[in-house]
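> Just to be clear, the model below is a prediction. Sequence and coordinates:
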Amino acid sequence: MGFKALGLAAFPAADSSEAGKILRSLTRESGEDEYAIIYLEETLAAGIQAEIDKFKDSPSPAIILIPGREGSIGLGQSALKAAVERAVGTNILGD
């Protein structure tokens, strides 16, 4: 709920299935992109990776994986590393 305090819209999800439904509703083609950036907890993203992969090469929305309350499981960092490698052509972030 910290994001709400910053003035961002928040869509809580109990599990990956619910997160997938919310993601699909936020990314439906309605003629205009209402959300340019979507932040998604890594633990929820792990169960809907196929849905997220649909947007990896499109500029909008950018789906950013963030750690949950339990801490990072490494998905966000891996996704960032892969995106940079696709854009630049090589791994400039190191291991």
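Sure thing, it's come through.
> Just give me the residue closest to the centre of the protein.
What sits nearest the mean C-alpha location of the chain, by CA atoms, centre = their mean, is I63, with 3.0 Å.
> did I read that right, it in a strand?
Yes. Counting by DSSP: H, G, I helix; E, B strand; the rest coil, I63 falls inside a strand.
> what about it, distance to L8?
According to CB to CB, to the nearest Å, I63 and L8 sit 15 Å apart. The C-beta positions use only the backbone N, C-alpha and C, and glycine is treated the same way.
> so the residue nearest to the centre of the chain sits right up against I38, yeah?
Yes. In this structure, I63 is within contact of I38 by CB atoms under 8 Å, at 5.0 Å.
> any common contacting residues for the two?
L23 (CB atoms under 8 Å, 6 or more residues apart in numbering).
> For the longest helix along the chain, buried residues please.
Scanning the chain for the longest helix, with DSSP state H as the assignment, gives helix 75-88. By neighbour count on 16 or more other CB atoms under 10 Å, the buried set for helix 75-88 is L75, G76, A79, K81.
> So which other helices or strands are in contact with that helix?
Counting contacts by 3 or more CB pairs under 8 Å, 6 or more residues apart in numbering; DSSP states H and E, helix 75-88 packs against helix 42-45, strand 62-66.
> Listing partners with orientation, what would you give for the longest one?
In the sheet, strand 62-66 lines up against strand 37-41 (parallel) (DSSP bridges).
> Now do the buried residues in the partner strand.
Buried residues in strand 37-41 (16+ other CB under 10 Å): I38, L40, E41.
> Alpha carbons of the helix or strand of the chain with the lowest mean pLDDT, as CSV, please.
Lowest by mean pLDDT, DSSP states H and E among the helices and strands of the chain is helix 75-88, with a mean of 76. Backbone C-alpha positions of helix 75-88 (Å, rounded to 0.1, in the frame of the first residue of the first chain) are rendered in CSV as follows:
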residue,chain,number,x,y,z
LEU,A,75,13.5,-12.6,-11.1
GLY,A,76,13.6,-8.8,-11.3
GLN,A,77,17.3,-8.7,-11.6
SER,A,78,17.3,-11.5,-14.2
ALA,A,79,14.6,-9.7,-16.2
LEU,A,80,16.5,-6.4,-16.1
LYS,A,81,19.8,-8.1,-17.2
ALA,A,82,18.0,-9.9,-20.1
ALA,A,83,16.4,-6.6,-21.2
VAL,A,84,19.7,-4.7,-21.2
GLU,A,85,21.4,-7.6,-23.0
ARG,A,86,18.7,-7.5,-25.7
ALA,A,87,19.0,-3.8,-26.1
VAL,A,88,22.8,-3.5,-26.1
